[in-house]
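Asks: I need the structure of the sequence given here:
(2 chains)
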Amino acid sequence: MFKILKQSKISNARLGVLKTLHGDIKTPFFMPDATRGVVKCVEGSGVLKAGVKAMVVNTLHLYLQPGMKVIKKAKGIHSFMNWPGPLLSDSGGFQVFSLLHNNPKMGKITDEGAIFKSPIDGSAHILTPERSIQIQFDLEVDMMVCLDDCPPNDSDNKKLSIAVKRTIAWAGRCKEEFEKQIKKRKIKEDKRPKLFGVIQGGMNKDLRRLCAEALVDIGFDGYGFGARPVDEKGNFLSEILKYTAELIPKDSLRFALGIGTPNDIVKCAGLGWDMFDCVIPTREARHGRLFQNLSPQPPLLNRRGGEKSFYTTININNAKFTHNKSSINKNSKLLELREYSLSYLHHLFKISEPLGWRLATLNNLEFYSGLMQNIRQGINKLR
RNA sequence: GUGGCUAUAGUUCAAUGGUAGAACACUGGAUUGUGGUUCCAGACACGAGGGUUCAAUUCCCUCUAGCCACC
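Replies: Residues are numbered from 1 along each chain as shown, chains lettered A, B, ... in the order given. Okay, the predicted model is just below:
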């Protein structure tokens, strides 16, 4: 159940609470990606300590490895990965399509579903909307996403239109399969997982509207933004995100998939998006980029929509950190981030030591948790 | 001590009588529903001396150093 606690009068920003079987989450919130059942390099208790409430796992990746037999025997993904909090599973649509768009020989997309070869062992698979939902029920996650057709951003209107039609048809089949699984598994009304539709349409507002209206007609707990949120040059596509958010009913969850940088999240929270997930904090951590607050209480959601720079990044690989004895973060709640120095972290990166990747990941997760808390405080102060 | 082999970037190795390449390391940069221990860019080298030649890192000689074999 999703309850809005406050709606700003001067912007679309809102505060809410999402109740799940594995705990309540205040919105807006951010979920790191634990694609293969793990936030790379960090155990669940560490992720929790960094202030993370919920994570995203991936249907396709877990289905391919370790496979559903293992996860069913473990009594679901929560128990398998020993994570007590809420989990959302992504449908695998984005992964199949990015796989196929990069290498068309790996399979094809038909109205039935996506036919593709496993990148792990080359075995053939078909991911249909029904199969995606079944797998997500077997995972026993708290939130699920419909399989959608996610074409590249530079697709022409014809291709976008085909993808939108397919996304709508698949969403209908996902919803149907969802209800079927609820009955089959005898899941009570208050224990149903949340189901999200994904709005496609690229930069085309008419297609976005068409897609959103059709999905709302089918009826979902929440609606996601489909496609990469940046153009080829890396510019954030604010306009279409604003437009798409307004197409989603106010009482539904708005999930901005794959977003983003701290500034992008601030902007989107101002546009009324409630949920975020992105690889940035974790992937960039493993590559040596650490996010740092410029002040303990960054000014957020000002009138300019968070454009003001409230954070900075460092590349811990840089030679200038060789002798830097400062803490990784002297204000951290995590002992290890207060006690280990930047100089030591630099050394760990130079020798490719996994402890370095872990510390950097914890730093960035804690930064993102703090960011979301600041965003919620900022919204609370808005009229 | 004698014979043989080798000497090119920080390291391990290429190529070449006329502008010397790679890998790793180094210095930066990138990364937006994770095929990311990834990707992109940059800086850095012919052991010393002499000879042959229009021209030598390359061919010849000496020296030095290292490795191997023998004594």
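Asks: residue A:90 touches residue A:146, doesn't it?
Replies: No. Contact between residue A:90 and residue A:146 fails when scored by CB atoms under 8 Å: they sit 10.4 Å apart. All C-beta atoms are positioned from the backbone trio N, CA, C, and that covers glycine.
Asks: quick one: residue A:241 from residue A:259, how far?
Replies: Residue A:241 sits 8 Å away from residue A:259, taking CB to CB, to the nearest Å as the criterion.
Asks: shared neighbours, these two?
Replies: Shared contacts of residue A:241 and residue A:259, defined by CB atoms under 8 Å, 6 or more residues apart in numbering, are found at A:225, A:229, A:268, A:273.
Asks: which SS state does the last one fall under?
Replies: Meaning residue A:273. Secondary structure assignment for residue A:273 (DSSP: H, G, I helix; E, B strand; the rest coil): coil.
Asks: next, it: phi, psi?
Replies: The phi and psi torsions at residue A:273 (degrees, to the nearest 10) take the values phi -80, psi 140.
Asks: show me what contacts residue A:214?
Replies: Neighbours of residue A:214 in contact, by CB under 8 Å, 6+ apart: A:168, A:171.
Asks: that one: what secondary structure?
Replies: The three-state label for residue A:214, taken from three-state DSSP, comes out as helix.
Asks: distance of it from RNA strand B?
Replies: Distance check for residue A:214 against RNA strand B: by CB to the nearest atom of the strand, to the nearest Å, it reads 16 Å.
Asks: one more: residue A:85?
Replies: The span separating residue A:85 from RNA strand B equals 16 Å under the rule CB to the nearest atom of the strand.
Asks: ok so, going back, among the shared contacts of residue A:241 and residue A:259, which two are most distant?
Replies: Spatially, the most separated pair among the shared contacts of residue A:241 and residue A:259 is A:229 and A:273, at 10.4 Å (CB to CB).
Asks: which residues are common contacts for these two?
Replies: Contact criterion CB under 8 Å, 6+ apart; residues bridging residue A:229 and residue A:273 by contacting each: A:241, A:256, A:259.
Asks: which of those residues sits closest to RNA strand B?
Replies: Checking the shared contacts of residue A:229 and residue A:273 against RNA strand B by CB to the nearest atom of the strand gives residue A:259 as the nearest, at 4.4 Å.
Asks: tell me who's in contact with the closest one.
Replies: Each residue near residue A:259 by CB under 8 Å, 6+ apart is listed here: A:225, A:229, A:241, A:265, A:268, A:273, A:276-278.
Asks: where does confidence bottom out across those?
Replies: Lowest-confidence member of those: residue A:229, scoring 89 (pLDDT).
Asks: RNA strand B versus that one, what's the distance?
Replies: Counting by CB to the nearest atom of the strand, the separation of residue A:229 from RNA strand B is 5 Å.
Asks: isn't that residue up against residue A:239?
Replies: No. Assessed by CB under 8 Å, residue A:229 is found out of contact with residue A:239, at 11.3 Å.
Asks: so between the two, which is more surrounded?
Replies: For residue A:229 versus residue A:239, neighbours defined as other CB atoms under 10 Å are more numerous around residue A:229 (22 against 10).
Asks: so what's the more buried one closest to, chain neighbours aside?
Replies: In this structure, residue A:229 finds its nearest non-sequential neighbour in residue A:259, 5.0 Å apart by CB to CB, 6 or more residues apart in numbering.
Asks: got it, and residue A:345?
Replies: Computed as CB to CB, 6+ apart, the closest residue to residue A:345 that is not its neighbour in sequence is residue A:316, at 5.3 Å.
Asks: hmm, that neighbour is touching residue A:349, no?
Replies: Yes. The criterion here is CB under 8 Å, and residue A:316 meets it with residue A:349 at 5.4 Å.
Asks: out of those two, which sits in the busier spot?
Replies: When residue A:316 and residue A:349 are compared for neighbours, residue A:316 comes out ahead with 25 against 22, by other CB under 10 Å.
Asks: check contacts around the more buried one.
Replies: Under the criterion of CB under 8 Å, 6+ apart, the contact partners of residue A:316 comprise A:288-290, A:342, A:345-346, A:349, A:356, A:360.
Asks: spell out which residues of the stretch 201-350 of chain A are next to RNA strand B.
Replies: Proximity of the stretch 201-350 of chain A to RNA strand B is assessed by CB under 7 Å from any atom of the strand, with A:224, A:226-230, A:234, A:236, A:257-261, A:264, A:277-280, A:282-284, A:286-289, A:315, A:317-320, A:322, A:350 identified as the residues in range.
Asks: helices along the stretch 201-350 of chain A, start to end?
Replies: Listed in chain order, the helices of the stretch 201-350 of chain A (DSSP state H, counting those that start in this stretch) span residues A:205-218, A:238-247, A:262-270, A:280-286, A:335-339, A:342-350.
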